[in-house]
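Asks: Structure of the sequence below:
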Amino acid sequence: MNILDKIIGYISPERAFNRMAYREAIRGYDAATFDRLNNDWQPAFGTFEQNATGSRDVIRGRARAAEMNSDLAESAVKAILRNVIGVGIKPQAKVRSGGGKLNSQLNKKIEREWNKWIKAKNCDIRGVSTFYELQEMALRRMLYDGEILINKTAQGDYLPLAIQLIEAENIGSVSFSNGKNTIINGVEINDYGKTIAYHVYKTDPLGVRSFKSERLTAQQAFLFYKATRPSQVRGISELALVLKRIHDIDEYMDADLIAARVAACFGAFVTSNNTGRQIASMKRDERGRPVQRLAPGLIQNLRPGESIEFADPKRNAGTASEYSATQTRRISSGLGMSADIVARNINGNFSAARQNLLEDQKTFRSMQQFVIDHFCLPIWDAFIDALFLKGIIPNDYLSNKDKYTEVSWLTPGWSWIDPVKEVNANREAIKAGLTTLESVCSASGEDWEEVLEQRKIEQDRAKEIGVAIDYGVPIEIVDDKEGGENSE
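Replies: Coordinates of the predicted model:
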């Protein structure tokens, strides 16, 4: 109630009441009010790039500092990398013949070439990382830096294709336009916001920059980042939401450690009203310091005029673990994961552990699909292009690109919490037609065709040497002589 309302209330309480009632009625949303309780609640107006441009570099730098110094940040990121990428998201070529059946001969040839190309010396322009290590590096940089630019160069030795990862700070431009296109933070876009090209500065490993930028078209390169708004053209660290909390918990634990070290320093202070002559007569060591000691069971008579006070530094030792656990839960939930998987501290019963696992798997599957769509598929298309240039893909490739770039990706799976229950449930689901062997194998990171082929090898070998293997109901192997090896 302001001064005017108080005056009106003093003269006419009825009118003052009506004023307050009408004010409450037209107030609207509580979230839009400005009062003493939410004056520090600042709204964020503008496009994504308007909000992010002044903060992106600072957030990226702080995220990298957390990468170098925060075990909690690294634990969260490694949990994502471990479950999303694992040993790699691997392709299975799915080219089909004219009859619609898988062209096994061509698919195996493509996969053999892939297995050669993914070696570090062939796929990485630096010759340092394998393709699956580049997968992990790209996702790590997206999590910490918010983005990474992938350049599909033609400088490869084995194939006319090699991958170059360009870090975020190299993306930029001193220009604001290129013809009719607009350049925003180094990204050239058209009137509809579609990315046309990237303007990149060259730097050496020590970060010495050449201020002459190079233009990479969207056909040559693509920016690996996750957009959350239609006005976004650059990425921002995926840790931005929880980065301050990670810093706070690290600072808190450091402060608690200092408090513990101070508390461990037991000290006693002797105060004296004695004269200088009396103090000078005290027994001293070789350095001239008064000899004073504490010992178990010691009874020490003080001189007249002396008293003793003990240091008692205060430390609230009981709150550190509780604070750490609470903050870790909030950080984990902000990243879409359970605290169990981030802190590697599994508590609770079987049902709770299974529920956390299922929720975490939903997060990881979503991220796996994102990596497939925005990292793996563009590189796979470029790889098939390179195979065509090498003469491995048939000549009708240019008119049938969709046919020859068909692929499925095998993601790393997860172990079952209760294998017996899971296996029995999957067996019944397959028998009832509710799922397939491919789906079940994919969930555990296995290739169903390789599983069947290996099973056939084991059965034949066991039969050859006379060893019985209990596989349950035997599978009848049908040899399809028509479509299996047909190359067109």
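Asks: I'd assumed residue 150 was in a helix, is it?
Replies: No. Secondary structure of residue 150 (DSSP: H, G, I helix; E, B strand; the rest coil): strand, not part of a helix.
Asks: in the stretch 51-200 of the chain, which spans are helices?
Replies: In the stretch 51-200 of the chain, the segments counted as helices under DSSP state H, counting those that start in this stretch are 56-69, 71-84, 104-117, 120-123, 131-144.
Asks: Need those helices in JSON lines (columns: mean pLDDT, distance to residue 469 and mean neighbour count).
Replies: For the C-beta atoms, the positions are set from N, CA and C on the backbone; glycine is no exception. Formatted as JSON lines, those follow (pLDDT from 0 to 100; distance: least, C-beta to C-beta, whole Å; neighbours: other C-beta atoms under 10 Å):
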{"stretch": "helix 56-69", "mean pLDDT": "95", "distance to residue 469": "49", "mean neighbour count": "16"}
{"stretch": "helix 71-84", "mean pLDDT": "94", "distance to residue 469": "33", "mean neighbour count": "19"}
{"stretch": "helix 104-117", "mean pLDDT": "95", "distance to residue 469": "26", "mean neighbour count": "17"}
{"stretch": "helix 120-123", "mean pLDDT": "96", "distance to residue 469": "39", "mean neighbour count": "18"}
{"stretch": "helix 131-144", "mean pLDDT": "97", "distance to residue 469": "33", "mean neighbour count": "21"}
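Asks: looking at those helices, which is closest to residue 455?
Replies: helix 104-117 (17.6 Å; C-beta to C-beta).
Asks: what does that closest one rub up against?
Replies: By C-beta atoms under 8 Å, 6 or more residues apart in numbering, the residues outside helix 104-117 that reach it are 91-95, 122-123, 131, 156, 158-159, 161, 383-384, 386-387, 392-393, 484-487.
Asks: just to revisit the earlier point, may I see the helices of the stretch 51-200 of the chain organised as CSV, with distance to residue 440 added?
Replies: Below are the helices of the stretch 51-200 of the chain laid out as CSV (distance: least, C-beta to C-beta, whole Å):
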stretch, distance to residue 440
helix 56-69, 37
helix 71-84, 19
helix 104-117, 22
helix 120-123, 31
helix 131-144, 24
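Asks: Mind checking the ones you listed for the one nearest to residue 221?
Replies: Here helix 131-144 is closest among the helices of the stretch 51-200 of the chain (C-beta to C-beta), at 12.7 Å.
Asks: Tell me which other helices or strands that closest one touches.
Replies: Under the contact definition 3 or more C-beta pairs under 8 Å, 6 or more residues apart in numbering; DSSP states H and E, helix 131-144 sits against helix 56-69, helix 71-84, helix 120-123, strand 148-153, strand 162-166, strand 221-224, helix 350-371.
Asks: Recalculate using a threshold of 6 Å.
Replies: Packing contacts for helix 131-144, counted by 3 or more C-beta pairs under 6 Å, 6 or more residues apart in numbering; DSSP states H and E, involve strand 148-153.
Asks: how big is the angle separating the strand it packs on from strand 162-166?
Replies: Relative orientation of strand 148-153 versus strand 162-166 (axes from the mean of the first three to the mean of the last three C-alpha atoms, to 10 degrees): 150 degrees.
Asks: Spell out which strands sit alongside strand 148-153 in the sheet and which way each one runs.
Replies: strand 162-166 (antiparallel), strand 221-224 (antiparallel) (DSSP bridges).
Asks: and it, which residues are buried?
Replies: For strand 148-153, the neighbour count (16 or more other C-beta atoms under 10 Å) marks 148, 149, 150, 151, 152 as buried.
Asks: how about the third one, what does it touch?
Replies: The neighbours of residue 150, taking C-beta atoms under 6 Å, 6 or more residues apart in numbering as the test, are 222, 224.
Asks: No further queries at this time; thank you.
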